[in-house]
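Enquirer: sequence unknown, structure follows:
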C-alpha cells in the first residue's frame, strides 16, 4: 500500500469513527431526554452520564491523589503502607517525626519506662493453653493470628498463601464460616474451624449440625479448635452473604450448597436461643471433636455475658467456652448492609475491656481465653489489645493487605483487581502464591517484633506482660488517662 493510500485509508477510518461517535451521542441524547428516572441525565443529556464515571473513579483518585496519609477510611494510607512494608521486608523506620495526630480523643499512647528491657533480658512469648478440660488441649506461644476468611469469599491462591505463610510463622488460620477446604490444609498451618450459622460443610440437608461430618473435620490433626460464630463485625445480627457468582462447583462441594445460587446464612443458629442452648452447643461440639471450642460474637447488649458467667459457675467450670473471640463493630472483610456496618454493635475499644472485666469478676478470666478481632492491623493496635487483657489477636484485613489488597472496595463483586476476593481465574493469576506466602510470613513476624519493641520500651520482657497501666488514652480535655483508671486494674491475670 502506497503512502498516499495509507493516509487516505486512515482518514476515511477516522471519519467513520467520528460518524459512529456522533451517532452514539445522538442515540444517548434521545434516550436521556426522554427517560424520567434520572433528573441530571434528563436536564443534561449525555454530559450527565459522566457523573457516574467520576463517582466511581473518585474512590481511587481520593486514595492515591487527594487524601492525606491519615485521612482515609476504613484504613488510611499510613496503616496500609506499614503493612506493605512489613510484608515486603522493607525498613520500617521513618524520619522527621510522626504524622499521627496525638490530640484526638481516644488516641492511645504507651507509657515508656525509664529503664527499658535490655536485649539480653528479652523473653520468648509465654505459652498459652486453650481448653484444659478437653481431650486435646491446644497450646501456642503466638499472639497474632489470621482471622476468619472463608474460601469462596476469598480465592484459592489467597487461602494457599495464607496457609503456607501462617504455617511458617507458627500462627493459626481461621477457616471462616465457609467450611474446610484443601487449601486451608495445604500449608500445614494450625487451623481454627469456624462453625457459622449455616454450618457449611458439616450440615444436614435441613441445615442442622451433622455430628459425623463434624467428627470428620476434627480428625485432621491440623484442626486445633472450633469456633461457633454468633455474629461478626461486618454484620452483627445478619448471617453470611455469598453472591451466586462466587458459588463455583468447588465452593459448592465444600459448602454443600447449590452451584451459582447466592447463599445467605441464617442470622443466628436456629438451635441457639438462650444461654443454656449456647453452652449445650459448645459442649456438644467439644464432646464430638475432643478439641477446644469457643464462640465469636460482636458485643452490643452485654447482660447476656454476665448471665453466661453465672450459668457456667452453676454448671461447673469445665462447661465454660474454652475461648471467646470478641469482634469489633468496625471489623469486617465481608460485604454487608451499611445500616449494620455503620450503626450496630460496640467497637472493640469498649467491648474488649468490658468482657474481660465481666469474666474477671465471675472468676473465669483464667479459664476462658480471649481473642480480640476487628481492625487490629498495626503494632500499636495489637499492643493495646494485649494491654487490655486479650490473650490473642486476630487480623483479617491486615493479612489481606499483606497479600497485596489495595482497598479497592470490590470484595463482593468478583472483580477484585488483586485476585484476593475473586474467582475470576484471569484476575487470580496476579496473586502468585510463592511470593505472597512470604509476604504473609514477613508481616506476621514483623508484627511480633514491633509489638515486642513496644513491650520492651514499657519495661516488660515480652508482649504478654503488657498491662493496662502501660497505656493511656487521650480524653476530651486533651489530657490522657491510664487504661487501668478507665477500665480497672488487671495485674493478677492477663
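Expert: Perfect, I can see it now. Everything numeric in this text was worked out from a predicted model, so none of it was measured.

Enquirer: how long is stretch 418-436 end to end?
Expert: 11 Å (Cα to Cα, to the nearest Å).

Enquirer: that one: how far from the chain's middle?
Expert: Mean-position distance between stretch 418-436 and its chain equals 19 Å (Cα atoms, centre = their mean, to the nearest Å).

Enquirer: buried set for it?
Expert: Across stretch 418-436, burial judged by 16 or more other Cβ atoms under 10 Å covers 418, 419, 420, 421, 422, 423, 427, 428, 431, 433, 436. Placement of C-beta: from N, CA and C, glycine included.

Enquirer: what does it rub up against?
Expert: The contact list for stretch 418-436 (Cβ atoms under 8 Å, 6 or more residues apart in numbering) reads 153-158, 160-161, 164-165, 245-246, 248, 251, 333, 400, 402-406, 408, 410-412, 414-417.

Enquirer: give me every residue that touches residue 395.
Expert: If a contact means Cβ under 8 Å, 6+ apart, then residue 395 has 144, 145, 146, 147, 373, 376, 377, 382 as its contacts.

Enquirer: doesn't residue 175 make contact with the third one?
Expert: No - taking contacts as Cβ atoms under 8 Å, residue 146 lies outside contact range of residue 175: 9.9 Å.

Enquirer: what sits against the residue nearest to residue 178 when sequence neighbours are not counted?
Expert: Nearest residue to residue 178, sequence neighbours excluded (Cβ to Cβ, 6 or more residues apart in numbering): residue 150, at 2.8 Å. Counting by Cβ under 8 Å, 6+ apart, residue 150 touches 175, 176, 177, 178, 179, 194, 200, 240, 242.

Enquirer: look up how far residue 439 lies from residue 150.
Expert: Residue 150 sits 21 Å away from residue 439, going by Cβ to Cβ, to the nearest Å.

Enquirer: any regions of the stretch 301-450 of the chain where pLDDT drops low?
Expert: Within the stretch 301-450 of the chain, the stretches with pLDDT under 70 are 331-337, 410, 412.

Enquirer: repeat that for 90
Expert: Within the stretch 301-450 of the chain, the stretches with pLDDT under 90 are 301, 328-346, 374-375, 397-398, 400-401, 404-432.

Enquirer: and the helices in it, which stretches?
Expert: Assigned by DSSP state H, counting those that start in this stretch, the stretch 301-450 of the chain shows helices spanning 303-315, 338-343, 348-361, 379-388, 397-403, 425-428, 433-457.

Enquirer: just these: most buried one?
Expert: helix 397-403 (a mean of 28; mean count of other Cβ atoms under 10 Å).

Enquirer: check which helices and strands that helix sits against.
Expert: helix 77-88, helix 156-169, helix 433-457 (3 or more Cβ pairs under 8 Å, 6 or more residues apart in numbering; DSSP states H and E).

Enquirer: could you give the angle of the second one to helix 77-88?
Expert: What that stands for is helix 156-169. Note on geometry: by axes from the mean of the first three to the mean of the last three Cα atoms, to 10 degrees, helix 156-169 and helix 77-88 are set 70 degrees apart in direction.

Enquirer: contacts for helix 156-169, please.
Expert: 142, 145-146, 149, 151, 172-173, 181, 183-190, 250, 399-400, 402-403, 419-421, 428, 431-433, 436-441, 443-445.

Enquirer: what helices and strands are in contact with whatever helix or strand comes next after it?
Expert: On the C-terminal side of helix 156-169, the closest following helix or strand by DSSP states H and E is strand 172-174. Using 3+ Cβ pairs under 8 Å, 6+ apart, the elements in contact with strand 172-174 are strand 144-146, helix 156-169, strand 190-195, strand 223-229.

Enquirer: before we move on, back to that, so for residue 127, which of the helices and strands packed on helix 397-403 sits nearest?
Expert: helix 433-457 (14.4 Å; Cβ to Cβ).

Enquirer: among the contacts of residue 150, which are located in strands?
Expert: Members of those lying in strands (criterion: DSSP state E): 194, 242.

Enquirer: can I get the contacts of residue 150 in CSV with pLDDT, distance to residue 478 and neighbour count?
Expert: Shown next, in CSV, are these (pLDDT from 0 to 100; distance: Cβ to Cβ, whole Å; neighbours: other Cβ atoms under 10 Å):
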residue, pLDDT, distance to residue 478, neighbour count
175, 96, 45, 29
176, 90, 41, 29
177, 89, 43, 29
178, 89, 46, 29
179, 92, 50, 28
194, 96, 42, 25
200, 92, 49, 28
240, 69, 42, 26
242, 75, 46, 26
